[in-house]
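**Student:** Let me see the structure of the following:
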Amino acid sequence: MKRFKKGDPVIVIAGNNKGTEGTLEAIKGQKVIVKGVNMKKKHVKGDGSGKPGQIVEFEAPLNVSNIAYCVAGKGHKLRARVNEAGKKEIYTISSDKEEKVIRTI
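**Tutor:** Predicted coordinates for the structure are as follows:
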C-alpha cells in the first residue's frame, strides 16, 4: 500500500543524506525522488553542431525505506486503518505514542 503521496514533507533516515528534509516530487514503485536531496552530477557530451558539453545536476532516486514522514523536524512512521465511518485513513506513529491523522482516503 502506498502511504506516501506527492508533496508530502519527508526526512531522510538512512544514507549519505541522513537528516535532510525535503518534499516528495515523484514516486515510482519502491523508489522516490525528494526535492534537493541525493544530488548527482552527470557529464553530458556536446554534439557536433555547436552545442557545448555540460555538467547536469539532478536528484537521484532513494529507496522508500530510507525516508520517513516529517512532522516538526522529526521522522514518524505512517500506518493505515479504517475509521468508524468506514473510510481508510493514514496516520503517524511516534515514540511518544501520539497519533495524528494525515489524510483520509
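**Student:** C-alpha only now, for contacts and for neighbours.
**Tutor:** Fine.
**Student:** Please list the residues outside stretch 60-79 that contact it.
**Tutor:** Contact partners of stretch 60-79, identified using CA atoms under 8 Å, 6 or more residues apart in numbering, comprise 3-4, 8-15, 21, 30-34, 37-40, 90-94.
**Student:** In space, what's closest to Lys45 - neighbours in sequence excluded?
**Tutor:** With CA to CA, 6 or more residues apart in numbering as the criterion, Lys45 has its nearest non-adjacent residue at 4.6 Å, and that residue is Gly53.
**Student:** That neighbour contacts Lys42, correct?
**Tutor:** No - with contact defined as CA atoms under 8 Å, Gly53 does not reach Lys42; the gap is 10.7 Å.
**Student:** Return the list of strands paired to the lowest-mean-pLDDT helix or strand in the chain, each annotated with direction.
**Tutor:** Scoring the helices and strands of the chain by mean pLDDT, DSSP states H and E places strand 100-104 at the bottom, with a mean of 79. For strand 100-104, the paired strands and their directions (DSSP bridges) are strand 88-93 (antiparallel).
**Student:** Can you point out the buried residues in the partner strand?
**Tutor:** Under the neighbour-count criterion of 16 or more other CA atoms under 10 Å, strand 88-93 has 89-93 buried.
**Student:** what's stretch 19-38 in contact with?
**Tutor:** 5-13, 16-17, 59-64, 70, 73.
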